[in-house]
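1. sequence and predicted structure, then a few things I'm wondering about:
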Amino acid sequence: MTTISTGAEPAGVRHVKRPQPLRESVYEALTEMIIDGTLERGRHLVEVELAGLLGVSRQPVREALQRLNNEGWVDLRPGFGAMVHVPAEDEVDQLLAARAALESESARLAARHATKEDLAKLKELCKVGTAFHESGDTDGAVRTNGELHAFITQMSGNRFLIDFAAQVDRRVRWYYTPLAPVRGAASWREHSRLVKAISDGDEDKAAQTMREHTEHTRKAYHDLRAAEGPTEPTPEPEPRRRRRTLT
């Protein structure tokens with residue numbers, strides 16, 4: 001007799017999640033190395049060196065570099081290979097303008113919906129971030145800065161704002177990391193004023209404070225770039241030579 005399967009799973013069955021594909025792990029690792037400056041802007045990326053650094057073969061590195069190029073983290077130059085992208089001034093302006101629009105509305109809604117637990121967490125994040133800055137822990141300060149902004153967006157209760165903000169989060173961290181030592185103290189004072197406005201339920205003040213906070217970050221970025229002077233052109237690596245064959 002033929003048994004027909006209904007497709008139903010037996011009771012108690014649990015599917016085990018597959019491990020993350022290696023190419024995804026390599027992509028995540030390289031992205032974080034770009035964001036934290038381990039792979040600095042303009043750096044020539046050599047597949048074999050990255051593979052050795054990460055302990056993998058060249059294939060997942062090549063796949064990750066292609067994806068990073070598609071997302072604007074890396075530039076692939078025919079004949080020269082991959083370079084870490086060097087953002088133009090207008091890229092920063094465009095990104096922070098988008099961030100200001102998203103996060104000012106998030107702050108407004110956060111002031112409307114904040115609970116006692118939310119406010120307690122915001123104040124704790126401010127305290128932790130300030131402590132990281134004062135101790136000279138830039139990585140900790142940048143990480144906590146991101147957590148605070150993400151939590152305010154989460155407090156908005158608007159899932160579209162949350163999704164859109166998540167899309168720009170990494171890029172903002174990349175631009176913000178070199179600014180952290182410069183913006184540190186002022187940035188955390190602004191965060192404290194923002195948290196107060198949210199705590200007071202002052203929606204307009206919260207939105208305005210967030211907008212001003214983002215504008216200060218944008219201005220600080222341009223001031224830092226101006227102080228550094230013109231960006232030195234990255235020396236081009238030698239073009240790859242074709243291997244000669246004997247005839």
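-> Looks like it arrived, so ask away.
2. helix or strand for the most centrally placed residue in the chain, which one?
-> With distances taken as CA atoms, centre = their mean, residue 170 lies nearest the centre of the chain, 1.1 Å away. Per DSSP states H and E, residue 170 falls inside helix 159-176.
3. which helices and strands does that helix pack with?
-> Judged by 3 or more CB pairs under 8 Å, 6 or more residues apart in numbering; DSSP states H and E, helix 159-176 is in contact with helix 22-35, helix 89-113, helix 138-156. (Glycine included, C-beta is placed from N, CA and C.)
4. for that helix, what is the distance to the chain centroid?
-> The chain centre lies 7 Å from the centre of helix 159-176; the measure is CA atoms, centre = their mean, to the nearest Å.
5. and the helix or strand of the chain with the lowest mean pLDDT with helix 89-113, angle?
-> One helix or strand of the chain scores below all others by mean pLDDT, DSSP states H and E: helix 159-176, with a mean of 89. Per axes from the mean of the first three to the mean of the last three CA atoms, to 10 degrees, the angle that helix 159-176 makes with helix 89-113 is 130 degrees.
6. tell me the buried residues in helix 159-176?
-> Buried residues in helix 159-176, counted by 16 or more other CB atoms under 10 Å: 161, 162, 164, 165, 171, 172, 173, 174, 175, 176.
7. could you dump the residues you listed to a markdown table with distance to residue 77?
-> Below are the buried residues of helix 159-176 laid out as a markdown table (distance: CB to CB, whole Å):
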| residue | distance to residue 77 |
| --- | --- |
| 161 | 37 |
| 162 | 36 |
| 164 | 31 |
| 165 | 32 |
| 171 | 21 |
| 172 | 26 |
| 173 | 26 |
| 174 | 20 |
| 175 | 23 |
| 176 | 27 |
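8. of those residues, which is the nearest to residue 199?
-> Distance to residue 199 across these (CB to CB) is lowest for residue 161, with 20.2 Å.
9. now the closest one: closest residue in space, sequence neighbours ignored.
-> In this structure, residue 161 finds its nearest non-sequential neighbour in residue 106, 5.4 Å apart by CB to CB, 6 or more residues apart in numbering.
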